[in-house]
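Novice: below are the sequence and a predicted model for it; my questions follow.
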Amino acid sequence: MTHADQHAATDQGASPPTAKLTLLTLTAMVVGSMVGAGVFSLPRRFAQETGVAGALIAWAVAGVGMLMLAFVFQNLAVRRPDLDAGVYAYAKAGFGEYLGFFSAFGYWASACVGNVTYWVLIMSTIGAIAPALGDGDTALAIILSSVGLWCFFLLIRRGVKEATAINRIVTVAKLVPIIVFIILALFFLEPSVFADNFGGADYAGSLFNQVRGTMLATVFVFLGVEGASVYSRHAKRREDVGRATILGFLSVFAIFASVTIVSYGILPMSEIAELRQPSMAGVLEAAVGTWGKAFVSVGLIISVLGAYLAWTLMAAEVLFVAAKDEDMPRFLGRSSGDDVPVPALLLTTALSQIVLVVTAFSDDAFNFALDLTSALSLIPFLLAAAFAVKIALRPEQEKVTGRTTRRELVVAAVATLYTAFLLYAAGLKFVLVSFIVYAPATFLFVKARREQNRRLFSPKEAVICAVSVAGAAVGVIALAADWVEL
């Protein structure tokens, strides 16, 4: 998963750029946002949970649900063209400043945790030839990942920013190995192996549980579907934002589903489930030999390192924009002479460092970071979908441009139900861990309110705060008592 474009945000106080983005460029942003490290992990992640039948159902559910979410962002771009900061702006406009703050923080926190999946996957990839790195969760791997985190911080601190040329190289590095993998896996597919994997293994459980077990993985790889909406004010034509969202989504959906399904024709699912990450490399190695593993691994490392440079800066931008909107403390709105939001960048790197250390206590560092990334992003998505429902029901109260339709209400309702189901699928563990991450963030909200000499909480906001703190307390107790495990 590449969040470089997904988490991009712009300083709303700046003058509009002269360059305007075309439909093709916006579509490339959506594709670039979604296609990244996550796709390289799909074979093992799905094989651990389900067989071919469950995978087909899971992708159908995820496809319909995420398509509805994509339509939501398309509709919101048209109905509320005044909101240019994407998911964060929708939550704030629909449900007030405190939930808007939570949305911005959750979106940012998911970016920071996503940073950790990059380093775990890089170390796991290199660990194939350097056993001391294990699956990316050994002490040496965490130390080297930490060095990498802070080296990138220093690099970006000096003003190194995302470059179009670098992005093109990164995109090619991502797409070429994936497309080659699909073609070769189809060529070497064994019908008998595919048939044996169809119903799933004994450990996979009921078909419902198989599908449920894959839901967070599908969220992770689809993060970025809203990428074009983040850049909506830069679009040459407003309607291109929605078109780019749908075109990008359909292209990426075909790639993700293909990678998952063709893998079941190469190895028994029990063997795929035991592959080290990136599991795509192991599947291709089984099909064509050692060079297949090396080919995928090199492509992954180039892709991840290139995307990480952009993503780290863009994650910081989420805090920076929220600070400019006075929803975060003022110190996060400061930038250097090179226009780098240094305090926000420092906080971004610090949270990634904390999560990286936490992965050492997880049984499966990569899947833990992947699932937490997905869980943290669900609240912002749910609030955006619910805002679309409000717009469709009460357009006159939401400053809507143009007439809303019954179709928009149905789309928004389905997207809301889908994201609510995803929270259920995440399970109690990740809901509680999300509360542990969210609750301390309230200190930033309180600091921002004090800076503005405003009342700290309205009655409704006080209730939300109490719920988040209570959830965090239960989460800490549950972890301490081993009621839930990382």
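Specialist: All right, it came through fine. Fair warning: this is a prediction, and the values are worked out from it, not measured in the lab.
Novice: what element comes up after the helix or strand bottoming out on mean pLDDT in the chain heading to the C-terminus?
Specialist: In the chain, the helix or strand scored least confidently by mean pLDDT, DSSP states H and E is helix 227-230, which has a mean of 52. Next helix or strand after helix 227-230 toward the C-terminus (DSSP states H and E): helix 239-263.
Novice: and that next one, what does it pack against?
Specialist: helix 23-34, helix 42-47, helix 52-79, helix 164-187, helix 207-222, helix 227-230, helix 279-288 (3 or more CB pairs under 8 Å, 6 or more residues apart in numbering; DSSP states H and E). (Each C-beta comes from the backbone N, C-alpha and C, glycine too.)
Novice: of all these, which lies closest to T419?
Specialist: Of all the helices and strands packed on helix 239-263, helix 52-79 sits nearest to T419, with 7.1 Å by CB to CB.
Novice: any idea how far P268 is from G51?
Specialist: 10 Å (CB to CB, to the nearest Å).
Novice: overlap of the contact sets of those two?
Specialist: N197 (CB atoms under 8 Å, 6 or more residues apart in numbering).
Novice: quick one on the thing from earlier: compare the helices and strands packed on helix 239-263 and say which comes out lowest on pLDDT.
Specialist: Per-stretch mean pLDDT for the helices and strands packed on helix 239-263 is lowest at helix 227-230 (a mean of 52).
Novice: before we move on, the earlier item: more neighbours: G51 and P268, which one.
Specialist: G51 (21 against 14; other CB atoms under 10 Å).
Novice: surely the more buried one touches S263?
Specialist: No: G51 is beyond contact range of S263, at 11.4 Å (criterion: CB atoms under 8 Å).
Novice: tell me the SS of G199?
Specialist: Three-state call for G199 (DSSP: H, G, I helix; E, B strand; the rest coil): coil.
Novice: can you start the count at 417 instead of 1 from here on
Specialist: In the new count, where the first residue is 417, that last one comes out as G615.
Novice: now it. Nearest residue, chain neighbours left out?
Specialist: Once flanking residues are discounted, G615 sits nearest to G467: 5.3 Å by CB to CB, 6 or more residues apart in numbering.
Novice: try T541
Specialist: Closest to T541 by CB to CB, 6+ apart is S713, at 5.0 Å.
Novice: tell me how far that neighbour lies from V699.
Specialist: Separation of S713 from V699 (CB to CB) stands at 12 Å.
Novice: and what of W535?
Specialist: 23 Å.
Novice: likewise for E733?
Specialist: For E733, the distance to V699 equals 36 Å [CB to CB].
Novice: repeat that for A601.
Specialist: Noted for A601: a distance of 7 Å to V699, by CB to CB.
Novice: swap in G705?
Specialist: 12 Å.
Novice: in terms of packing, which of those two has more residues around it?
Specialist: V699 (31 against 10).
Novice: ok, the more buried one touching S679?
Specialist: Yes: using CB under 8 Å, V699 is in contact with S679, at 4.9 Å.
Novice: so what's in contact with those two at the same time?
Specialist: Listed as contacting both V699 and S679 by CB under 8 Å, 6+ apart are P459, A601, I688.
Novice: okay, the last one: pLDDT?
Specialist: By that I understand I688. 90.
Novice: of the shared contacts of V699 and S679, grab the buried ones for ChimeraX.
Specialist: To isolate in ChimeraX the members of the shared contacts of V699 and S679 that are buried, counting by 16 or more other CB atoms under 10 Å, one can use:
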select :459,601,688
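Novice: L763: which of the shared contacts of V699 and S679 is nearest?
Specialist: The closest of these, once distances to L763 are taken by CB to CB, is P459, at 34.9 Å.
Novice: contacts only, for that closest one.
Specialist: Neighbour list for P459: V675, T676, S679, I688, L691, S695, M696, G698, V699 [criterion: CB under 8 Å, 6+ apart].
Novice: okay if I get those residues as TSV plus distance to V637?
Specialist: Converted to TSV, the contacts of P459 look like this (distance: CB to CB, whole Å):
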residue	distance to V637
V675	9
T676	10
S679	14
I688	17
L691	17
S695	13
M696	12
G698	18
V699	16
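Novice: drop anything exposed from those.
Specialist: V675, T676, S679, I688, L691, S695, M696, G698, V699.
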